[in-house]
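S.K.: Pasted the sequence and its predicted model underneath.
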Amino acid sequence: MPSPSPDNSKRTTFLRRSASTLGLWAVVAAALASRQAWAYVGLVGVLTVIATLEYFRMLKAGGVKCFPRYGMLLAVAYSGTLYWMLLVNGQAPNGGLGSAMDLSPAASHRIATLPEWFDGAAIFAALAGSFFLQLRYPIRGLEAMQTVASNLLGFVYLAFLFNFAARLVFLVPGEGQVPGAMVLLWMIAVTKFTDMGAYIVGSMIGKHKMIPHVSPGKTWQGFGGAIFFALLAGCGLYALFKEDMPSFATGLHVLGGWPHVIVLSIVLCLLAVVGDLAESVVKRSLNVKDSGQMLPGIGGALDLIDSLCFTAPVLYFYLKWMTP
């Protein structure tokens, strides 16, 4: 049976990727339309767990020793505890429950704060727990260090970094629906439009390889398309929904205004590209094409969130810096 031509193969991949992308945006839109904080963190949590599972499956398939049960337990425990603290702390200033817990659209919401020790304790648990489990096995060269490092990387890369997307939802105060929802939508749009622009432009006119030893499909033309699409999404969404974006009590817009929006769009674009290449490093090291088969044309959950793992923390810390 003859193999499909390259053009047909590209067309099929493009159609599958487009269908998966539309489906994903429908899920995101449904979560945002619900105006419920639990829907936002629930979506982040599901993707975190699936991506972590895919990560450990790739390690096992690549012959890398790891502790997947401990890694999954830690990811679930960290995510669940984080969401509980965010939802409980996102309360109305008058002491009543805000939109994080009270499902009334008229409820108000305040910035949720986390204990200073929380993240440090989680990273310590990931490292110390992995070393503790390794004590049961003999030392065979670098295998022990690789095992501990692989488990620690899985936690920091996925459960820790990606959950900054959930934190964004609770980072700004306001009235009505959870104010950070629009900030989260803006970040997702800029990040995924970066991926989309790189893919579309690279597929159409890509000729000059960007980093072929890491990702043979990435081209400099695609990189230019990524920047253009990121600016299109960042500036377009800001222009259309500027009034729906939250502001601080001082009147300062949460994204800082047009100069900040333009710079942020470019910075997030660069980070999205790095995040995509970071996953390529992992997959090529393990000789894996996709992290999973959950999304036709895209791959697994890890293929979906790889760039968000790098953009969400930076936008979070930017907003923390902008907070009066």
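M.R.: Good, I have the coordinates. Numbers count the residues shown, from 1 in each chain.
S.K.: Give me the three-state assignment for residue 255.
M.R.: Put simply, residue 255 is coil when judged by DSSP: H, G, I helix; E, B strand; the rest coil.
S.K.: so it sits right up against residue 263, yeah?
M.R.: No: using Cβ atoms under 8 Å, residue 255 is not in contact with residue 263, being 10.3 Å away. Backbone N, C-alpha and C define where each C-beta goes, glycine included.
S.K.: Compare the two (neighbour count), which wins?
M.R.: A direct count of neighbours by other Cβ atoms under 10 Å for residue 255 and residue 263 places residue 255 higher, at 23 against 13.
S.K.: what sits against the closest residue to the more buried one other than its chain neighbours?
M.R.: Leaving aside its sequence neighbours, residue 255 sits nearest to residue 261 (Cβ to Cβ, 6 or more residues apart in numbering; 5.4 Å). Contact analysis of residue 261 by Cβ atoms under 8 Å, 6 or more residues apart in numbering lists 234-235, 238, 255.
S.K.: Throw those residues into JSON lines and include distance to residue 83 and secondary structure, thanks.
M.R.: Output for these, formatted as JSON lines (distance: Cβ to Cβ, whole Å; DSSP: H, G, I helix; E, B strand; the rest coil):
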{"residue": "234", "distance to residue 83": "27", "secondary structure": "helix"}
{"residue": "235", "distance to residue 83": "32", "secondary structure": "helix"}
{"residue": "238", "distance to residue 83": "28", "secondary structure": "helix"}
{"residue": "255", "distance to residue 83": "25", "secondary structure": "coil"}
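S.K.: Which one of those is nearest to residue 309?
M.R.: The closest of those to residue 309 turns out to be residue 234 (Cβ to Cβ; 18.8 Å).
S.K.: Now that closest one. Nearest residue, chain neighbours left out?
M.R.: Per Cβ to Cβ, 6+ apart, closest to residue 234 is residue 265, 3.1 Å.
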